[in-house]
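Q: Below is the sequence, then the predicted model.
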Amino acid sequence: MNLLDRLLAHDSWTTRQLLLLCMDLSDKQLDHEFDIGHRTLRRTFDHLIYNMEAWSHLMDGCDVTRSSDCSIGSMLMRLDAAADRLAKVAQQIADRNGWDETWTDHLEIPPCKRTFGGSIAHVITHSMHHRAQLLYMLRRTGMTDLPEGDVLSWEEQHGSARH
């Protein structure tokens, strides 16, 4: 497995694990205000997933639409679709060694050029940043035994590590 595949698989799997931990939380818990980031678990998950959706669509030359369904079940489906699209786009870029090629981010005002390599790296690091915020919020709800969320733990769980 190459580095890109590892990073993308870890990114989506780890976000999925945090969403699954929230399946039994009430709307009140999901919407409770915290003193960090996007302030609630629901808004932070939505922001993280929307970033994956939007950037993968934009890099793929497609229009971006925003889902208004932010239930945990819907966000799990959105995450899966966004992760699949992001992996597909990233693989196409890798296949042509197009990391330094540019695309236009039409959501910025004014629109700006971004490299594909920088954009893929941004999506992955952006997700990690917000997962750290989610872990903080989950701890504040009283959850224990939360995953660390690091790549080595993911690799160990998936049998990718060679012993």
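A: Noted; the coordinates are in hand. Numbers count the residues shown, from 1 in each chain.
Q: where exactly do the strands run in the chain?
A: Assigned by DSSP state E, the strands in the chain fall at 102-105, 112-115.
Q: What pLDDT does the model give the nearest residue to residue 70 once chain neighbours are set aside?
A: Excluding the flanking residues, the one nearest residue 70 by CB to CB, 6 or more residues apart in numbering is residue 46, at 4.8 Å. In short, each C-beta sits where N, CA and C put it, glycine included. pLDDT for residue 46: 98.
Q: show me the contacts for residue 46.
A: 38, 70, 75 (CB atoms under 8 Å, 6 or more residues apart in numbering).
Q: looking at the residues you listed, which has the most residues close by?
A: residue 75 (23 neighbours; other CB atoms under 10 Å).
Q: correct me, but that residue touches residue 45?
A: Yes - at 5.4 Å, residue 75 and residue 45 qualify as touching, with contact defined as CB atoms under 8 Å.
Q: what do these two both touch?
A: Listed contacts common to residue 75 and residue 45 are residue 19; contacts here mean CB under 8 Å, 6+ apart.
Q: Tell me which residues touch the one residue sitting closest to the centre of the chain, please.
A: Centroid-nearest residue in the chain, with CA atoms, centre = their mean: residue 127, separated by 4.3 Å. Residue 127 makes contacts with 11, 15, 48, 51-52, as judged by CB under 8 Å, 6+ apart.
Q: Dump those into CSV; add neighbour count as well.
A: CSV is the format used below for the contacts of residue 127 (neighbours: other CB atoms under 10 Å):
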residue, neighbour count
11, 26
15, 25
48, 28
51, 16
52, 23
